[in-house]
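Chemist: Sequence plus predicted model, see below.
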Amino acid sequence: MGPALEVKDLCRGFGSRRAIENLGFSLGHGEILGLVGPSGAGKTVTLRILSGILEGTSGTASICGISVASGNRKIYEHFGSVAENHPLPGHLNPFEYLQLRACLKKVRDGRREATCALQACGLLRYGKRYRIGQLSHGHRQLVALADAILGRPSLLLLDGLEPRQLPAVLGELPIRPAVLVSGRNAAEMADFCQKTIFLDRGRVVVDEKREQRN
């Protein structure tokens, strides 16, 4: 089985400015990689390309062997994502929203999967009692994460999520996905990332691999 995510020589330019340049890394199934850097380092651009929101200028990226640039819609079965400032419908409660998303994603037994996602994210008691617009910012992030894990994807692409929320959620999942999570503070991710890539102005400046901790 190939890697969950493979990126080779990925570049993205905006006019004369390079947002990312010759970015390359791979992520095995079940591994967690932290993409770290200051604002403007290229983290969000990278995740938007991998999520299919932006196109790369050059280079390649593939998820579970499917090219991100291929237009093959089966790729969406293999990953879930949380975007920075993830849009959510404030008038629905979390359970209604996840049922709707399960239907759109063609997830089998959407009601049960929505319940499982809420449980994994610690949201069961909020599921039907509150509208999303009534929740705190942190709980809305968890609703977005519950959406991402619907359908049990092989890969999670997470931007703008509080890293400290992840270990408890991943521990609740029956099959652990590979995770690419962005952040500014490497220390916040040190306890649960097997790999860390530090970006500065779109370039990799440090690529670290830690021994996996029990």
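Modeler: That came through fine. Residues are numbered from 1 along each chain as shown.

Chemist: In contact with the most centrally placed residue in the chain: list those residues for me.
Modeler: Closest residue to the average C-alpha location of the chain: Leu157 at 1.8 Å, with C-alpha atoms, centre = their mean. Leu157 is in contact with Leu47, Leu50, Ser51, Phe79, Gly80, Ser81, Val82, Leu180, counting by C-beta atoms under 8 Å, 6 or more residues apart in numbering. For every residue, glycine as well, the C-beta is placed using N, CA and C.

Chemist: what packs against the lengthiest helix in the chain?
Modeler: Taking DSSP state H as the criterion, the chain has its longest helix at helix 137-149. Helix 137-149 makes packing contacts with strand 79-82, helix 94-104, helix 110-120, strand 155-158, helix 166-171 when contacts are defined by 3 or more C-beta pairs under 8 Å, 6 or more residues apart in numbering; DSSP states H and E.

Chemist: Now distance to Ala186 and mean pLDDT too, for these, in a markdown table please.
Modeler: Listed next are the helices and strands packed on helix 137-149 as a markdown table, based on distance: least, C-beta to C-beta, whole Å; pLDDT from 0 to 100:
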| stretch | distance to Ala186 | mean pLDDT |
| --- | --- | --- |
| strand 79-82 | 20 | 96 |
| helix 94-104 | 31 | 97 |
| helix 110-120 | 26 | 96 |
| strand 155-158 | 16 | 97 |
| helix 166-171 | 15 | 90 |
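
Chemist: any idea of the mean pLDDT in the longest helix of the chain?
Modeler: Confidence over helix 137-149 (mean pLDDT, whole number) is 96.

Chemist: after the lowest-mean-pLDDT helix or strand in the chain comes which helix or strand?
Modeler: In the chain, the helix or strand scored least confidently by mean pLDDT, DSSP states H and E is helix 186-189, which has a mean of 80. Next helix or strand after helix 186-189 toward the C-terminus (DSSP states H and E): strand 195-200.
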